[in-house]
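In: Need a 3D model of the following:
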Amino acid sequence: MSEVKISAEPRTEFGKGGARRTRRAGLVPAVLYGHGEKPKHIALPALEFAAAIRHGGANQLLSIEISDGTQALALPKAIQRDPVRDTFEHVDLLLVRRGEKVTVDVPVQLTGEPARDTLVMHEHDTLSVLADATKLPESLEASIEGLEAGSQVTAADVKLPSGAELTVDAETVVAVITAAPTAEQLAAEGGEVEEEPAEGEEAAEGAEGAEGEPTAAAEGEPAEANAES
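Out: Numbering: from 1, shown residues only. You can find the predicted model right below:
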C-alpha cells in the first residue's frame, strides 16, 4: 500500500470545546503517539483525511507534514466517527518507521462461487497479520470456488503477501459453506399456510353452520311467533 501525504497543524486547544471548534474549522482532532515519544496533538484537514481513508482503508499509511516543520509516518490506530453525520470525530495515529513491522487487522475477501444450493456463512471478516508498515496489504483473499456444503475456509487458506505472516491461529475459521434450505424446509419454518376453501366447500360449510340455528322469521311475522309454531 502506498503512503499518502497529508498536511497537519499543531493543536493547542483541548477538551470538548476545543475539539468542536477544531471540527467546525474543517479539521479532525488527532494525536500522534508511539516509540516512547510524548503524544503530539495535531489537526488534520477533514476532506484530505477522508479521501486517504477511502483510498486505502483504515490501515492507510500517512506521511504527515506538520506546519511546525516536523514530519511523521503514522498509521490510524483508532478512528472515532459521528454515527449520524458520518464525520470523523477524533483519530489516534501510531508512529511507525520504515522497515518496522506492525500488527494490523486486514479485511478478508472471498473469491469465486461455491457449489450450487449452498450458502456462505462469514465467521471472520478480518484477520490479524504482521507486516512491514510500508507494505501493508489492503485486503486478503481466500477462494471458495466450487466448495461443497460442509466445507470450511480457515486462516491457513488465505493468501498472504510476501513478508506478511498471520498472528492468529491458522485454524481460525473464516467462512463456512452450508446447504441452502429447501422449499419444504422454508415452508415448515414459516408455518403451514391455510388453504382457502373451494367455492363448493365454502357453500357446504355455510350450510353446516346454519344447521340447528333458528331460522329468520318470514316477512311480516314476528320472530317469536315463528319460533313458537
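In: Could you give the separation of whichever helix or strand residue 104 is part of from the chain centroid?
Out: For residue 104, the element it lies in under DSSP states H and E is strand 101-111. Put simply, strand 101-111 sits 15 Å off its chain's centre (C-alpha atoms, centre = their mean, to the nearest Å).
In: can I have the following helix or strand past it written out in CSV, keeping just the CAs?
Out: Remark: after strand 101-111, the chain's next helix or strand is strand 118-122, criterion DSSP H and E. What follows is strand 118-122 as a C-alpha-only set of coordinates in CSV (Å, rounded to 0.1, in the frame of the first residue of the first chain):
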residue,chain,number,x,y,z
THR,A,118,-25.2,-23.6,-0.8
LEU,A,119,-24.9,-20.6,1.5
VAL,A,120,-21.7,-18.8,2.7
MET,A,121,-21.6,-18.0,6.4
HIS,A,122,-18.9,-15.4,7.3
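In: Packing partners of strand 118-122?
Out: Applying 3 or more C-beta pairs under 8 Å, 6 or more residues apart in numbering; DSSP states H and E, we find strand 118-122 packed against strand 173-179. In this view, the C-beta of every residue, glycine as well, is placed from N, C-alpha and C.
In: picking up where we left off before, and the strand holding residue 104, what does it pack against?
Out: The contact analysis (3+ C-beta pairs under 8 Å, 6+ apart) places strand 101-111 against strand 126-132, strand 140-143, strand 173-179.
In: Go through the ones you listed and name the closest to residue 6.
Out: Nearest to residue 6, of all those, is strand 126-132, at 20.4 Å by C-beta to C-beta.
In: Show me the helices in this protein, by range?
Out: Counting by DSSP state H, the segments of the chain that form helices are 15-24, 46-56, 183-190, 199-210, 223-228.
In: and the gap between residue 38 and residue 31?
Out: In this view, residue 38 and residue 31 are 11 Å apart by C-beta to C-beta, to the nearest Å.
In: which residues make contact with stretch 120-135 from outside it?
Out: Residues outside stretch 120-135 that contact it (C-beta atoms under 8 Å, 6 or more residues apart in numbering): 1, 3, 61, 73, 75, 96-108, 110, 114, 137, 140, 144, 155, 158, 160-161, 163-168, 172-178.
In: so which of the helices and strands packed on strand 101-111 gets nearest residue 187?
Out: Ranking these by their distance to residue 187 (criterion: C-beta to C-beta) puts strand 173-179 first, at 16.3 Å.
In: Pretty sure residue 174 sits against residue 157.
Out: Yes. Between residue 174 and residue 157 there is a contact at 7.2 Å, judged by C-beta atoms under 8 Å.
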